[in-house]
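Colleague: need coordinates for the following:
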Amino acid sequence: MGADLAKEQALKAIPQDWMGWLAQPVIQLINKYVTPYAIAGKALMASWALLLGVIIPASATLLAFVGIHLGLKITGGAPGGWRATARSVGMCLGVADLATLGWTWWQVAHGPDFLSQTLGLGIGLATIRLLSLAWLLIDVSERHRLGAWRIVLLGVPTLLASLACSALFAFAWWLWFTAGFALDILR
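Modeller: Sure thing, here's the model as predicted:
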């Protein structure tokens, strides 16, 4: 796609009377030097989307499980055991990651214009993350029968720190797709 755009722009820049003898060398130069970079750029874009959409959230879910369970063990135990923590974290954050991918697909595939796509994606991602982390706090509190002080002193600060990190990832995801929407408009 990038190579086709480069060819089109290069051919527009060539005066019509030069077209016969100059067009073919320009196309050969573009094919030789621009096309491999365009293919590498597409591969890089796809790998970055995979990293932002799947690998980082899965790693964050695993780290959240370890951090939450260790925090519970250190501060008075986890009566529900590690399986209860794993169920809470896996269900809450796993569902949130799937919802994020689904919402992104919906906005990309069915968004009518640039503004509604970017606003819908940003508001949807923030809502999904906020609801999933609040649900996680409630679920962990219920499964482990945490007391009020542990919830207030540990749960709420952890929720706020998790919201900050989650907002950073959601912003990176939003920025990635907003840049893609903007580039689609320019093409």
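
Colleague: name the helices or strands packed onto whichever strand or helix holds residue 166?
Modeller: Assignment of secondary structure by DSSP states H and E places residue 166 within helix 156-186. Packing partners of helix 156-186 (3 or more Cβ pairs under 8 Å, 6 or more residues apart in numbering; DSSP states H and E): helix 56-74, helix 81-110, helix 114-144. (C-beta placed from N, C-alpha, C; glycine too.)

Colleague: apply 7 Å and report the result again.
Modeller: helix 114-144 (3 or more Cβ pairs under 7 Å, 6 or more residues apart in numbering; DSSP states H and E).

Colleague: what helices or strands is the helix it packs on leaning on?
Modeller: Looks like helix 114-144 contacts helix 81-110, helix 156-186 (3+ Cβ pairs under 7 Å, 6+ apart).

Colleague: so of the ones you listed, which one's packed in deepest?
Modeller: Of all those, helix 81-110 carries the top mean neighbour count, a mean of 16, counting by mean count of other Cβ atoms under 10 Å.

Colleague: that older thread, where among the helices and strands packed on helix 114-144 is the average confidence lowest?
Modeller: Lowest mean pLDDT within the helices and strands packed on helix 114-144: helix 156-186, at a mean of 76.

Colleague: closest to residue 71 out of the helices and strands packed on helix 114-144?
Modeller: Residue 71 sits nearest to helix 156-186 of all those, at 7.1 Å, using Cβ to Cβ.

Colleague: and the angle from that closest one to helix 114-144?
Modeller: 160 degrees (axes from the mean of the first three to the mean of the last three Cα atoms, to 10 degrees).

Colleague: quick one: helix 156-186 to helix 56-74, angle?
Modeller: 180 degrees.

Colleague: what is the orientation angle of helix 156-186 with helix 81-110?
Modeller: Relative orientation of helix 156-186 versus helix 81-110 (the same axes, to 10 degrees): 20 degrees.

Colleague: helix 156-186: how far from the chain's middle?
Modeller: 7 Å (Cα atoms, centre = their mean, to the nearest Å).

Colleague: now do stretch 100-116
Modeller: Distance, stretch centre to chain centre, for stretch 100-116: 13 Å (Cα atoms, centre = their mean).

Colleague: what's around residue 114, how many residues?
Modeller: 13 (other Cβ atoms under 10 Å).

Colleague: now do residue 155
Modeller: Per other Cβ under 10 Å, the neighbour tally for residue 155 reads 21.

Colleague: ok, it to residue 53 distance?
Modeller: Residue 155 is 28 Å from residue 53, where distance means Cβ to Cβ, to the nearest Å.
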